[in-house]
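**Q** What follows is a predicted structure for the sequence shown.
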Protein chains: 2
Amino acid sequence: MKSAVTPLTKLHDLLNADMQALNKNLLTHLKSDVALVSNVAEHLVKAGGKRIRPMLTLASQRLFGKLHKDSLYLGTAVELIHTATLLHDDVVDESDLRRGLETANVIWGNTMSVLAGDFLFSRAFQSMVAADTKGVMKVLADALALIAEGEVLQLSQSHQIDLSHDMYLTIATRKTATLFEAACTVGGMVGGASFEQLQLLSDFGRNLGLAFQITDDIFDYFPSEHYGKKPGEDFFEGKITLPIIIALKTLADTKWLKSLFAADAVRTEEDFKRVCTLFTAGGVFDACVDEAFSYARQARDAITLLPPSPIRDVMEQLPNYVVARATEPCMTTSVEDVA
Amino acid sequence: MKSAVTPLTKLHDLLNADMQALNKNLLTHLKSDVALVSNVAEHLVKAGGKRIRPMLTLASQRLFGKLHKDSLYLGTAVELIHTATLLHDDVVDESDLRRGLETANVIWGNTMSVLAGDFLFSRAFQSMVAADTKGVMKVLADALALIAEGEVLQLSQSHQIDLSHDMYLTIATRKTATLFEAACTVGGMVGGASFEQLQLLSDFGRNLGLAFQITDDIFDYFPSEHYGKKPGEDFFEGKITLPIIIALKTLADTKWLKSLFAADAVRTEEDFKRVCTLFTAGGVFDACVDEAFSYARQARDAITLLPPSPIRDVMEQLPNYVVARATEPCMTTSVEDVA
C-alpha cells in the first residue's frame, strides 16, 4: 500500500534531493549534549510523518527557481514548530498513541514532553534565525502566535455542545491551516514570489490545511487498522468536531447525541458504533466530505494561477488527494500518510 | 520596606521613562482576542516581579547612548521568555505559589499553563522579530535553546543525591544565568558596544545570574514572611541545590542527610527545621554565600571596565546587593524583590 503512487509520493520524488538535505538539517537541529533531549528528539523523528509542511515550503520555493538554502532552514523551523505543538497537544489531550507509536508523554511523562516541546521551539527559532530572506521570520512568529491562541481557544471551546460551525473553522484555521499557510508563504518569499503570487500561495496553504483538518476529524469516526491514532479518540474525549456540528444541524432527532456530550456523560464503544452508523445513514460524513472538498477546490484554484511546472502540477493534485482518501470505502492509506 | 533605596530602585529611577515604555510594549504584546489568553496574561503581569532582566537590557544599551527602540522590543522578548519558562516550570515543579500569588497551573490547570506559556513564547518571537539590530535574534534563540536544555538537564538530575557541584553550576548557568547574559548582551549590541565590551556585558550578566540563582537556592532554607515562595519548597520536592551539595562535602556526618533525599523518603517540617539548624551551625549557608559573592565580584569586575556613567555605577552595586540580602539576620527584602 505504501508504494502506491500518490500526489504526495510524486511531490516527494520531485523534491527528493531537497528533502534529503532538509532531513539532514532537521537532524542537526535535534542534536543536544543533554542525552535525554536527544532521546526524545530521536523518538519524534522515528514517529515522524511524511513531513508535508516542510515539503510545502520547498515546493513553494522551487516553483520559482533552484533550491535556496533558506528553504531548508525555514522548512526545518516549520517541521520543528509542528512537532513541538504535537508534543504539547498530547499533554493537553492526554493522548497515548500517535502515528501508531506511544506518545512521548506516556514514555517520559508530561513534564518531559512540555520541556522537550520548548526545546523544539527553541531549535525552530535557531533554524529560522539562520535564514536571510527579509520578512520570513515575522511570518513564522505571527503564525506561531495564531497557533498558540488557537490551542487555547480549542481548549476553552472544544467540549461545548453549542460550538458553532464558524468557531470550529476559526479553531481549525488557527491550529492547523495557519502553519500550512505559513509554510507555503515563506517558501514563496525565499523564491522571490510577487505580492500576488504570495497571496495565492497563502490561499493554497490555508485551504489545503482546512481540507486536511476536516478530513482528519472525519477519520476519527472511521475505525481502521491503518490509522495511527485510535479511532474515536476525539469522540471519547468529548471533542466537538465537524461531524458532530453537522449532525446537530441536520439530523432529525439530536436529543440522544446531545446527551452523549453532556459534561458528565460517559461514552461507550457501543455509543461510538451507533454514532458511526447514524452519521453514515444520515449523510453526516458526506456533508463533511463535501465541505472538505470545497476547501480543496479553493486550494487548487489558487495554485493553478501560478507559473506552470512539474511541481505545480503535483501541487494541484494534492488538495483533492488529501480529502479523497476519506471517500474510499476501505481505506488503503491513512491520513497520517500525509501528516 | 519596599521604599528602601537599593541599587535596584536606583536603577529603576535612572531608567524610569524607558521602563514605562517597556511596560507599555509588554502589555501590548500580552493582548489577545482570545479572552482566556488575556486573563492568564493579566494574572502574570500582576504577579510580575521587578523586571530585572529587561531592565538589564535597557541599562546595558543605555551605557552607550540614548534609548533605542530595539531595546524595548528585546527587553519585552526577554521578559516574555522568562515568564513563559516560569509558567512551564510551575507545571513541571507542581508549584502552587509564586511571588505570593497562586500559580497559573493552580487557577487554570496544567494544560492551560502549557498553552499560555507557548503563547508567551510566540509573543516573545514577535517582539524580537521587530528589532533591526543584526545578530540579536541569534543571541536570544541560542539562549532559549540553552535554557530549554537546561530545564531538561535539571529534571533529569535534580533528584540525584550525587549531583556534582559542577553539574549544579551547569544547570544554574543554563536555566538562569544564560538569560541574564543574553539580556545584557543584546542591550549592548543595540547600543553599539565593541566586541570587547560585549564580552564584558556577557560576563557581567552571566555572573550576576549565577549569584542570583545561588542566592535563590539559599533563600529556600530561610523561612520568611516576605518571601513569595513557600520556604522549603526545593527541600520538600527533594531538589538537590547548592546547600545540600556543600553540606554533603563539608559536614562530618551526612548519613541522615543522604537518607532524607532517598527516592522514597518523606521529608517532614521537623526535618526541614533540623536541616536549617544543622546547615547554619555547620557553616553551610556561609559557604554558599561566599560562593555567591565570588560570582558577584566577577560580575562587578566586568562592568567596572565599561565607560563610566550613573547607570554603570549602579550596575556595579547590583551583584553585591543581590547576594547581600542573604546575609541579613532578619530579611527585610525578599529575593523576589529583585526577580
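**A** Okay, I see it.
**Q** For the spatially most central residue of chain A, which non-adjacent residue is closest in space?
**A** Against the mean C-alpha coordinate of chain A, by C-alpha atoms, centre = their mean, the closest residue is residue A:176 at 5.3 Å. Computed as C-beta to C-beta, 6 or more residues apart in numbering or on different chains, the closest residue to residue A:176 that is not its neighbour in sequence is residue A:213, at 4.1 Å. Every residue, glycine included, has its C-beta placed from N, CA and C.
**Q** Write out the residues of chain A neighbouring chain B.
**A** Counting by C-beta under 8 Å from any C-beta of the partner chain, chain A comes close to chain B at A:32-34, A:36-37, A:85, A:88, A:91-92, A:110-112, A:114-119, A:121-123, A:125-126, A:128-129, A:137-138, A:140-142, A:144-145, A:147-149, A:151-153, A:155-156.
**Q** Which of these fall in helices?
**A** The helices, defined by DSSP state H, take in A:36-37, A:85, A:88, A:91-92, A:110-112, A:114-119, A:121-123, A:125-126, A:128-129, A:137-138, A:140-142, A:144-145, A:147-149, A:151-153, A:155-156 from these.
**Q** Select only the buried ones of the residues you listed in PyMOL?
**A** Restricted to buried positions by 16 or more other C-beta atoms under 10 Å in any protein chain shown, the PyMOL selection for these reads:
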select buried, chain A and resi 36+37+85+88+91+92+110+111+112+114+115+116+117+118+119+121+122+123+125+126+128+129+137+140+141+142+144+145+147+148+149+151+152+153+155+156
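**Q** where does chain A dip in pLDDT?
**A** Counting by pLDDT under 70, chain A contains low-confidence ranges at A:1-3, A:45-48, A:92-108, A:223-230, A:326-339.
**Q** How about the secondary structure of the nearest residue to residue A:134 once chain neighbours are set aside?
**A** The spatially closest residue to residue A:134, leaving aside those adjacent along the chain, is residue A:189, at 7.9 Å (C-beta to C-beta, 6+ apart). Using DSSP: H, G, I helix; E, B strand; the rest coil, the secondary structure recorded for residue A:189 is helix.
**Q** thought the residue nearest to residue A:176 was touching residue A:179?
**A** No: using C-beta atoms under 8 Å, residue A:213 is not in contact with residue A:179, being 10.7 Å away.
**Q** got the contact list for the residue nearest to the centre of chain A?
**A** A:209, A:210, A:212, A:213, A:216 (C-beta atoms under 8 Å, 6 or more residues apart in numbering or on different chains).
**Q** For the third one, which non-adjacent residue is spatially closest?
**A** So the one you mean is residue A:212. Nearest to residue A:212 is residue A:322, by C-beta to C-beta, 6+ apart, at 5.3 Å.
**Q** After the strand or helix carrying residue A:199, heading C-terminal, what element do we hit next?
**A** Per DSSP states H and E: residue A:199 is located in helix A:195-219. Toward the C-terminal end, the helix or strand that comes next after helix A:195-219 (DSSP H and E) is helix A:233-237.
**Q** Buried ones in that next one, by neighbour count?
**A** A:233, A:234, A:235, A:236.
**Q** any idea how far that helix is from the chain center?
**A** From the chain centre to the centre of helix A:233-237 is a distance of 18 Å (C-alpha atoms, centre = their mean, to the nearest Å).
**Q** Equivalent analysis for stretch A:170-185, please.
**A** 8 Å.
**Q** Extract the CA atoms of it and return them as CSV.
**A** Coordinates of each C-alpha in stretch A:170-185 appear next as CSV, following Å, rounded to 0.1, in the frame of the first residue of the first chain:
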residue,chain,number,x,y,z
THR,A,170,-11.7,29.6,13.3
ILE,A,171,-10.1,27.0,15.5
ALA,A,172,-9.2,24.7,12.6
THR,A,173,-7.7,27.7,10.7
ARG,A,174,-5.6,28.8,13.7
LYS,A,175,-4.4,25.4,14.9
THR,A,176,-3.8,23.7,11.5
ALA,A,177,-4.3,25.9,8.5
THR,A,178,-2.1,28.7,9.7
LEU,A,179,1.1,26.6,9.7
PHE,A,180,0.3,25.2,6.2
GLU,A,181,-0.3,28.7,5.0
ALA,A,182,3.0,30.0,6.6
ALA,A,183,4.9,27.0,5.3
CYS,A,184,3.9,27.9,1.7
THR,A,185,4.2,31.7,2.2
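**Q** Now do the contacts for residue A:51.
**A** A:19, A:22, A:23, A:79.
**Q** One more pass at 10 Å, please.
**A** A:12, A:19, A:22-23, A:26, A:57-58, A:75-76, A:78-79, A:82-83, A:339 (C-beta atoms under 10 Å, 6 or more residues apart in numbering or on different chains).
**Q** Quick check: chain neighbours aside, which residue is closest to residue A:296?
**A** residue A:319 (3.6 Å).
**Q** likewise residue A:32?
**A** Residue A:32 sits nearest to residue A:38 (C-beta to C-beta, 6+ apart), 5.1 Å away.
**Q** Surely that neighbour is in contact with residue A:30?
**A** Yes: with contacts counted by C-beta atoms under 10 Å, residue A:38 reaches residue A:30, the gap being 7.1 Å.
**Q** Tell me which of those two has more neighbours.
**A** residue A:30 (20 against 14; other C-beta atoms under 10 Å in any protein chain shown).
**Q** The more buried one touches residue A:84, doesn't it?
**A** No: contact status for residue A:30 versus residue A:84: not in contact, 11.6 Å apart, counting by C-beta under 10 Å.
**Q** so what's in contact with those two at the same time?
**A** A:44, A:119, A:120, A:123.
**Q** so who does residue A:259 touch?
**A** A:161, A:265.
**Q** how close does it sit to residue A:281?
**A** Residue A:259 sits at a distance of 19 Å from residue A:281 (criterion: C-beta to C-beta, to the nearest Å).
**Q** One more: residue A:148?
**A** For residue A:148, the distance to residue A:281 - C-beta to C-beta - is 39 Å.
**Q** next one: residue A:237
**A** To residue A:281, residue A:237 is 24 Å away according to C-beta to C-beta.
**Q** Residues in contact with stretch A:246-253: which ones?
**A** Here stretch A:246-253 makes contact (C-beta under 10 Å, 6+ apart) with A:161-163, A:165, A:168, A:240, A:254, A:257-258, A:261, A:275, A:278-279, A:281-288, A:290-291.
**Q** Could you list the buried residues of the strand or helix carrying residue A:322?
**A** Residue A:322 is part of helix A:310-324 when elements are defined by DSSP H and E. For helix A:310-324, the buried set under the neighbour-count rule, 16+ other C-beta under 10 Å, comprises A:311-312, A:314-324.
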